[in-house]
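*Asks:* Kindly return the folded structure for what I paste below:
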Amino acid sequence: SSLFSLLLSSSHMTSLSDDNLSPWEDHCSVIPPERSRLYLIGLGSVVASFSVLSNLFLFIVLIRTRRHLNSPFLYLISLSLADIFLSGAYILLFLVNMLMDEWESSLLSSFWWSYMPYVLVLSHLAITASAFLIVAAAAERYVTISKMSSEFSTSQRLSIVFIAFSIAIVGKLPMAFEVEVVKNDNCTGVTEWTADVAQFSNDEPYASMYKFWFRNLVTVMLPFALLLCLNVAIIRRLHRQHQSAKLFRFGTSTHRRNVRSATLSLICVTCTYLASNLLNVVLNLTEFIDRNFLYEEDVRPLYTMSSDLVSFFTVGASAFRLPIYYVCNAKIKSEVHRFINEFNVFSNCRKLGVRNSHSSTVKYPLSTVRYCNTGNGFVVFESRGSAQLPRRVGTRLDRLVLAVALGSVARADTNPFP
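*Replies:* Next up is the predicted model:
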């Protein structure tokens, strides 16, 4: 959620240096949070806790193998690190804020106001960086499956990760100076402190040129639009490849299966990002068009709930990443099983690992596809090991196409396995 929506989620917020943000009740009283908001933030905290644990697990699984740093997994490693900070920030910002209002705890209030501006900025840095990391992963995947170029080099990926975090810093770091924690007149206890928006943040050209045209458009709208276009392009490319595979039913290699599974997992991650950020895009546009409308008495509760939903959807998308990788990406699933087996986390994990390694050998054997001249046209054969006889996987149409394509091969060679 945006800076203003997060500040408004504090139910005892009294003033944001705008007359339209006047309190509904006496500015020293605590407005108890609605029960619906309590349930939403409680559920969101559970999801955020799972997100922290799952992304920390994924980060450890991937970072311990050096070759993953030289592969597209570098994006996932960086993304999992950003998700850890993002999900942890949700607990510190929303759960603690809700509890200090519910319990009217002065101790929690002082603790929350002491770190709120810094954790707020950290959460926005993580959100922006993760968005551009997903864009980078989707762009490389599209280039790869389109065969425009080979995969990016390690130095190129490191540069892209650096650029993603640099854009996040340029776009969101100034937020640390836009909000000021000040004394709330003569109030004491939970309402002793409040937040005030720095005057320079409402001055031109900072307010329009930077906060909207750069921060909102570049860090929110741009990655959303890019991912939407890339996702559609990747799905269309996969559809074309699927149609080609129906025409030529050659044996599918292990490498091709891995590429398709990695692409499928990326599509799922991209879709969850788009779904979770749609409401955020709508709120950002509304804030720019008519911010005062959102602060009206009858609209403000809906705005506060919407901002809570945006944050909930964001941590929900982060929590879904590991399950998506595990279901859709065979490599990550194998790495997770290997990690569990090595550290013997569960009592039956070693048996599980043996069974999985055996099934993976059967399911994904090393295969060799050869074009064999049988004297009656070229036929596609696939050999799956010395213990098995080769089987024909080509169709009659395949034989016709191969006869034309390989017509220069001498027919005298009758050995079916050159």
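*Asks:* all strands of the protein, in order?
*Replies:* In the chain, the strands defined using DSSP state E lie at 179-183, 193-197, 368-373, 378-383, 391-392.
*Asks:* same question for the shortest one, mean pLDDT?
*Replies:* Averaged over strand 391-392, pLDDT sits at 50.
*Asks:* where's the closest residue to residue 174 other than its chain neighbours relative to residue 173, distance?
*Replies:* Counting by CB to CB, 6 or more residues apart in numbering, residue 210 is the residue found nearest to residue 174 once chain neighbours are left out, at 7.7 Å. Glycine gets a C-beta too; all of them are placed from N, C-alpha and C. According to CB to CB, to the nearest Å, residue 210 stands 12 Å off from residue 173.
*Asks:* More neighbours: these two, which one.
*Replies:* Neighbours of residue 210 and residue 173, each counted by other CB atoms under 10 Å, are more numerous for residue 210; the result is 17 against 13.
*Asks:* per-domain residue ranges of this protein.
*Replies:* In the assignment given by automatic domain parsing, the structural domains of the chain cover 3-328, 368-405.
*Asks:* Dump the ones you listed to a markdown table, plus distance to residue 336.
*Replies:* Output for the domains of the chain, formatted as a markdown table (distance: least, CB to CB, whole Å):
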| stretch | distance to residue 336 |
| --- | --- |
| domain 3-328 | 6 |
| domain 368-405 | 27 |
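*Asks:* Could you say which of those is packed most deeply?
*Replies:* The highest average neighbour count among the domains of the chain, using mean count of other CB atoms under 10 Å, belongs to domain 3-328 at a mean of 18.
*Asks:* can you pull the contacts of the residue lying closest to residue 235 once chain neighbours are set aside?
*Replies:* With CB to CB, 6+ apart as the criterion, residue 235 has its nearest non-adjacent residue at 6.6 Å, and that residue is residue 267. By CB atoms under 8 Å, 6 or more residues apart in numbering, the contact set of residue 267 is 231, 234, 235.
*Asks:* Next one: the closest residue to the second one other than its chain neighbours relative to residue 238, how far apart?
*Replies:* So the one you mean is residue 234. Take residue 234 and drop its neighbours on the chain: the residue closest to it by CB to CB, 6+ apart is residue 142, 5.3 Å away. Distance, residue 142 to residue 238, by CB to CB: 10 Å.
*Asks:* cool, and residue 91?
*Replies:* 37 Å.
*Asks:* ditto for residue 50
*Replies:* Taking CB to CB, one finds residue 50 at 30 Å from residue 238.
*Asks:* now the helices for the stretch 201-350 of the chain?
*Replies:* 222-247, 254-294, 300-328, 330-343, 349-363 (DSSP state H, counting those that start in this stretch).
*Asks:* Among those, single out whichever gets nearest to residue 205.
*Replies:* Among the helices of the stretch 201-350 of the chain, the nearest to residue 205 by CB to CB is helix 254-294 (14.4 Å).
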